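Engineer: need a structure here:
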Amino acid sequence: MTDTTSEYFSAAVTLTPAEPEHFDLAFTAVTQPCPWPKAYGGDLVAQAAAAAMRSVDDAKALHSMHSYFMRPAEIGEPVRYEVELLRDGRGYATRQVRGYQNGKPLYVCLANFAAGEAGSSWSGELPDWAAGLADPELLPSSAEYLADRSGGTMTAVSKAYWSSGRSFDMRHVPGPLYLTVDGESQPHQAVWVRPFDALRPVEGLTDAQRDAAALAYVCDYTILEPVLRVLGLPWARPGLVTASLDHAMWFHRPPRAGALDGWLLYAQQAVAAEAGRGLGAGRFFTPDGIHLATVAQEGMIRASQGGTR
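Structural biologist: Numbers count the residues shown, from 1 in each chain. A predicted model of the protein is given here:
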């Protein structure tokens, strides 16, 4: 794959049908390269979403997922997703998806789908602190920000990954957390996100389903950052270890066609930090303020003693 494209995302959610061993349907997918000892958690969420979506007809859209991460996934190795068809009703459908690697369960989620019906509509507004943020085109990309920087545990490999290996351009307000906590140590932040290039078609998914999988994929990269920010912990801090524990996501309304090829605002806040765990929450908005999706995730945050903050 070439740099600064969205190909890693497309590869992550490209599923291969397999013979089910435990439930009704099965697929395999491969976790994508990253410079850490374990695979990126968003791979699992997006792959499970794709597997669940391939088990329903086009009349029902994914509206929520609730996930638990039980074991780390090996990088570059296939994960087997088994889909159980728990319910198919006229208006709603429910699926359970379990991910296995090397014969062991490592991920489980419940996904719910809705056909939709006529009713009132209301969209939550941007929080006050996220109103009037800078134009993302005026903010540095991760590659531009990191170009002349070094330090902490950042290596050439992790620098390249943060710069161009995640399929999406991410621009932080008030600033990134790669090497230092850039900006105020406050319990909230915003991240403008956009794929490096137009999202490709994904076999077995409609464009609307692919877009939902894209939100599920990108949401995990930064959702714990408001907790890290308020604790004064940058990603490259020696001794810092994080891991996704559980994850919930609600898809409120589909973006208009092609919207995910442009900028979305991911407004995030810290909810709690205690006993080596942190809870972050985030909401995706279109540039004109339409609320698309909500995310909540709890993660392990383990920082060795004696580091600087």
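Engineer: what's around the closest residue to Asn112 other than its chain neighbours, how many residues?
Structural biologist: Nearest residue to Asn112, sequence neighbours excluded (CB to CB, 6 or more residues apart in numbering): Ser64, at 4.8 Å. Placement of C-beta: from N, CA and C, glycine included. Ser64: 18 surrounding residues under other CB atoms under 10 Å.
Engineer: For Ser64, give me phi and psi.
Structural biologist: phi -160, psi 150 (degrees, to the nearest 10).
Engineer: Please tell me how far it sits from Ala212.
Structural biologist: Using CB to CB, to the nearest Å, one obtains 11 Å as the distance from Ser64 to Ala212.
Engineer: anything in contact with each of these two?
Structural biologist: Taking CB atoms under 8 Å, 6 or more residues apart in numbering as the criterion, Ser64 and Ala212 both touch Phe251.
Engineer: give me the beta-bridge partners of the residue nearest to Asn112?
Structural biologist: Taking DSSP bridges as the rule, Ser64 bridges to Asn112, Trp250.
Engineer: Check the one 5 residues further on too.
Structural biologist: Taking DSSP bridges, one obtains Tyr107 as the residues bridged to Phe69.
Engineer: In contact with Val173, which residues?
Structural biologist: By CB under 8 Å, 6+ apart, the residues touching Val173 are 130, 133-134, 139, 183, 189-192.
Engineer: Quick check on these: which are buried?
Structural biologist: 130, 133, 139, 189-192 (16 or more other CB atoms under 10 Å).
Engineer: thinking again about what came up before, just checking, the residue nearest to Asn112 touches Ala216?
Structural biologist: No: if you go by CB atoms under 8 Å, Ser64 and Ala216 don't touch, sitting 11.1 Å apart.
Engineer: Tell me the residues that contact both of the two, please.
Structural biologist: Counting by CB under 8 Å, 6+ apart, the residues touching both Ser64 and Ala216 are Met249.
Engineer: The residue lying closest to Glu84 once chain neighbours are set aside: what's it in contact with?
Structural biologist: Leaving aside its chain neighbours, Glu84 sits nearest to Phe23 (3.9 Å; criterion: CB to CB, 6+ apart). Contacts for Phe23 (CB under 8 Å, 6+ apart) come out as 82-85, 96, 98.
Engineer: And the residue nearest to Asn112, how close does it get to Thr94?
Structural biologist: Ser64 is 10 Å from Thr94, by CB to CB.
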